[in-house]
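> Just need the structure, nothing else, for what follows:
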Amino acid sequence: MLIRHLTCALLLARAAAALTADKNSQPFTDLEKLIEQARSTQEHILDDRAIATEKRGEICTRDNLTVRRPWGSLSKNERKAYTDAVLCLQSLPARTPASVAPGAKSRYDDFVATHITQALHIHYTGIFLAWHRWLVYNYEQALKNECGYKGSQPYWNWALYASDPASSPIFDGSAYSMSGNGKYVPNKGIITLTLGDFPPIYLPAGTGGGCVTSGPFKKMQVNLGPVTLPLNNGSVLTGTGLEYNPRCLKRDISARVNSAYANATSVISLILKNKNIGDFQMVMQGIPGSGSIGVHGGGHYTMGGDPADDIFVSPGEPVFYLHHGMIDLVWWIWQALDYKNRRDAISGTGTFLNSPPSPNTTLDDIIDLGYAGGGPITMRELMSVHDGPFCYTYIL
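Got it, this is the predicted structure:
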């Protein structure tokens, strides 16, 4: 118990000293420059392609790129249009048969069920980045094609609000947010994360913990899970996650986690210091045994609660898609810094930390989101945001 509290104290000290960002800070300026550089690289590629082909109406060009923007840059009407579309998706009937996922009751749940059933093949594997790129894209298309959404998928810039995410436009609880924090639950203690035989990681609890009580998703019902939800006493709930288990959306927003793991310095360091895809995606997810949960874990545990903290059921949290939009943005920037060599760079096998051992991932491997939609597609088609089915870019 003493070791646990000392570890938590060290984490809190690290969080307090961590470099966060506002729009005037150097790390945020560096991130702006990297995005501009990635955009420039993309535009040169598209311009060269347009010159080389006569089929200009059939290819992605800089003129028909869909632009993904951070949540805070959207107007109030644009934010409401997005949350209205998410609520619409939650009102439509599921396509997943009850024989596959009895708890899938809505179209929204189709995406959650797919993530549950494939979770051990899409984290710490060779398809982690591409699989989630494909999931977010198909979620965006469902919002557009099935719920009339006219905008694009927004993203959550963790770095901008790292010191106080709860007051950000994403979580401020207004009608134009993604809803606020959960109701405060006192004396929660710390969260203990375990991964096999590696030393545990201790995370400070956030400032909520209970049901979300404000904003568009205050009445949202979570239908699936939990599977492996870390609780504040260190215990874990287990189950298939596919049964019907209706409950409220819970959040436990943590500035300490955000500041420690998903601040501007973390993002810049991830992009610039990792020269190969294996290191890049491993550091992003948190190297097992390193004591870090990476920016990927940083975003999830900044949201906190149920289902955000559950690696299987996390898409049940609507901010999941904004979080993974940022994950995709960071990958896009990293690729653009050496596009020729990084466009098709992949590393890893088909199973979680290669357990059980499985073949290396290849560009010919098939990704299939099942009832979430999108159809089977090769890894090769998912490696660039302006090739295959994609034609989008990011701005800060």
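> what about Val136, helix or strand, and which?
Assigned by DSSP states H and E, Val136 falls within helix 128-147.
> Tell me how far the closest residue to Pro165 other than its chain neighbours lies from Ser266.
Nearest residue to Pro165 in three dimensions, chain neighbours excluded: Asn258, at 5.1 Å (C-beta to C-beta, 6 or more residues apart in numbering). In short, each C-beta sits where N, CA and C put it, glycine included. Per C-beta to C-beta, to the nearest Å, Asn258 is found 10 Å from Ser266.
> intersection of neighbour lists for the two?
Residues touching both Asn258 and Ser266 (C-beta atoms under 8 Å, 6 or more residues apart in numbering) are Gly298.
> the more surrounded of these two?
Set Asn258 next to Ser266 and count neighbours by other C-beta atoms under 10 Å: Asn258 wins out with 29 against 26.
> Which residue is the nearest non-sequential neighbour of Phe352?
Nearest residue to Phe352, sequence neighbours excluded (C-beta to C-beta, 6+ apart): Leu120, at 4.5 Å.
> Same check on Phe312?
Nearest non-adjacent residue to Phe312, counting by C-beta to C-beta, 6+ apart: Val227, 3.8 Å away.
> wait, doesn't the one you found sit right on Pro307?
No. The pair Val227 / Pro307 is not scored as a contact, 9.1 Å apart, by C-beta atoms under 8 Å.
> can you list residues touching both of these two?
Common neighbours of Val227 and Pro307, counting by C-beta under 8 Å, 6+ apart, are Val313.
> which one of the two has more residues nearby?
Neighbour comparison, Val227 and Pro307: the larger count goes to Pro307, with 28 against 19 (by other C-beta under 10 Å).
> Can you tell me how far that one is from Gly241?
As judged by C-beta to C-beta, Pro307 and Gly241 stand 9 Å apart.
> list residues touching both of those two?
Common contact partners of Pro307 and Gly241 (C-beta under 8 Å, 6+ apart): 224-226, 313.
> right, and the pair among the residues you listed with maximum separation?
Using C-beta to C-beta, the two most remote members of the shared contacts of Pro307 and Gly241 are Leu224 and Pro226, lying 8.6 Å apart.
> So between those two, which is more surrounded?
Leu224 (29 against 22).
> and the more buried one, what pLDDT?
At Leu224, the model reports a pLDDT of 98.
> What residues does Ser358 make contact with?
Counting by C-beta under 8 Å, 6+ apart, Ser358 makes contact with 349-351.
> and the residues you listed, which of them are in strands?
Among these, none falls in strands (DSSP state E).
> picking that back up, sec struct for the residue nearest to Phe352, please.
State at Leu120, reduced to three classes by DSSP: H, G, I helix; E, B strand; the rest coil: helix.
> burial of it, as a residue count?
Close neighbours of Leu120, defined as other C-beta under 10 Å, add up to 17.
> try the one 5 residues further on
Thr125 sits with 24 neighbouring residues when counted by other C-beta under 10 Å.
> Excluding chain neighbours, what is closest to it?
Excluding the flanking residues, the one nearest Thr125 by C-beta to C-beta, 6+ apart is Gly348, at 5.0 Å.
> and the one you found, how many neighbours?
When neighbours are defined as other C-beta under 10 Å, Gly348 has 21 of them.
> swap in Ser290?
Quick note: Ser290 (other C-beta under 10 Å) scores 13 neighbours.
> Can you pull the phi and psi angles for it?
Dihedral pair for Ser290: phi -80, psi -20, per degrees, to the nearest 10.
> Tell me the spacing between it and Leu195.
11 Å.
> quick one: Leu382 and Ala52, what's the gap?
Distance, Leu382 to Ala52, by C-beta to C-beta: 23 Å.
> quick one, which of these two is more surrounded?
Per other C-beta under 10 Å, whichever of Leu382 and Ala52 has more neighbours is Leu382, with 22 against 8.
> how about the more buried one, what does it touch?
The neighbours of Leu382, taking C-beta under 8 Å, 6+ apart as the test, are 130, 133-134, 367, 388, 390.
> Which residue, other than its chain neighbours, is closest to it?
Using C-beta to C-beta, 6+ apart and skipping residues adjacent in sequence, the residue nearest Leu382 is Ala130, 4.1 Å away.
> and if you look at Asp368?
Nearest non-adjacent residue to Asp368, counting by C-beta to C-beta, 6+ apart: Pro376, 4.4 Å away.
> quick one: buried residues of the one helix or strand Ser269 maps to?
Element membership for Ser269, per DSSP H and E: helix 264-273. The neighbour-count check on helix 264-273 (16 or more other C-beta atoms under 10 Å) flags 264-268, 270-271 as buried.
> can you check stretch 336-346 too?
Within stretch 336-346, judged by 16+ other C-beta under 10 Å, the buried ones are 336, 342, 345-346.
> Then stretch 389-396?
By 16+ other C-beta under 10 Å, the buried positions in stretch 389-396 come out as 390-394, 396.
> which one among these gets closest to Lys33?
Nearest to Lys33 among these: Leu396, at 9.8 Å, using C-beta to C-beta.
> What residues does the closest residue in space to that closest one that isn't next to it in sequence make contact with?
Of all residues not flanking Leu396 in the chain, Ile35 sits nearest, at 4.9 Å (C-beta to C-beta, 6+ apart). Residues in contact with Ile35 (C-beta under 8 Å, 6+ apart) are 329, 333, 394-396.
> Please flag which of those residues sit within strands.
Members of the contacts of Ile35 lying in strands (criterion: DSSP E): Tyr394.
> And what about the residue nearest to Leu396, helix, strand or coil?
Three-state assignment for Ile35 (three-state DSSP): helix.
> and what of Ile201?
Under three-state DSSP, Ile201 falls in the strand class.
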